[in-house]
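K.L.:
One predicted model, sequence on top.
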Amino acid sequence: MQMVAIYNKSVLGIILNRLKPLQNLWRIIVFRSIGIEIASSCSIGTGVKGSPGFLKGNRGKIQIGEKTELSQGAILECWGGSILIEDNVFIGPYTVIYGQGGVRIGKDSLIAMHCRILSSTHAIPERNAPIRHQPNILQPTTIGEDVWLGGSVTVLGGVTIGNGCVVGAGAVVTKDLPPYSIAVGVPAKVVRTRL
């Protein structure tokens, strides 16, 4: 009986492995059907969501370059803005990218799990006006090439992270980081460089 169970598991495993490319192709087709530009060489995990959305009647734009990997549960929400992910980028599980003000991620970057990348904020009104009804203040965010964001890093809107930077897990990036910086903490501070 045990041999039969092992055999059945291995057969099931083989079948599931052969279905993976078809599942990935289907996810790429679904992304394209909602207007997302994505290369055929990309990998999309289960539960990944992408939405161009609209802002003042204009449709948002999501572009994903060659050999980029979107891991399980990642969310790309444009809200009418733009998200550009260049070639060979890894987006870790459950990372959220909001593109209202525009987000650009350079090639060969590594975004670990549970990161949050923002590109807007809310105006802060007088106390008798609800914050929720205030317009977004758009703040383009740029992440350079060959950047590594550790797990659960938050990048606030309007920040530019230079090429080659490393940001430690859990950091909150509130200001620009020069190229090849290594930054940690809340708010993130540069502690050394890769040069």
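P.N.:
Thanks, I have it. Keep in mind it's a predicted model, so treat the numbers as computed, not measured. Residues are numbered from 1 along each chain as shown.

K.L.:
Quickly note the distance from the closest residue to Lys107 other than its chain neighbours to Gln63.
P.N.:
In space, and not counting its chain neighbours, Lys107 is closest to Glu86: 4.0 Å by Cβ to Cβ, 6 or more residues apart in numbering. The C-beta positions use only the backbone N, C-alpha and C, and glycine is treated the same way. Going from Glu86 to Gln63 by Cβ to Cβ, to the nearest Å gives 9 Å.

K.L.:
ok, those two, which is more surrounded?
P.N.:
Neighbour tally, Glu86 and Gln63, criterion other Cβ atoms under 10 Å: the higher count belongs to Glu86, 19 against 14.

K.L.:
Tell me who's in contact with that one.
P.N.:
By Cβ atoms under 8 Å, 6 or more residues apart in numbering, the residues touching Glu86 are Gly65, Thr68, Arg104, Ile105, Gly106, Lys107, Ser109, Glu145.

K.L.:
who touches the first one in this structure?
P.N.:
Residues counted as contacts of Gly65 (Cβ under 8 Å, 6+ apart) are Ala39, Cys42, Ile85, Glu86, Asp87, Asn88, Val89, Lys107.

K.L.:
So which of these sit within strands?
P.N.:
Using DSSP state E to define strands, the subset of the contacts of Gly65 located there is Ile85.

K.L.:
Narrow the contacts of Gly65 to just the buried residues.
P.N.:
Cys42, Ile85, Glu86, Asp87, Asn88, Val89, Lys107 (16 or more other Cβ atoms under 10 Å).

K.L.:
for the residues you listed, which one is nearest Pro130?
P.N.:
Relative to Pro130, the closest of the buried ones among the contacts of Gly65 is Ile85; by Cβ to Cβ it sits at 33.7 Å.

K.L.:
Per-residue pLDDT of that closest one, please?
P.N.:
Looking at Ile85, its pLDDT is 98.

K.L.:
For Lys49, name its beta-bridge partners.
P.N.:
Beta-bridge pairing for Lys49 (DSSP bridges): Ile75.
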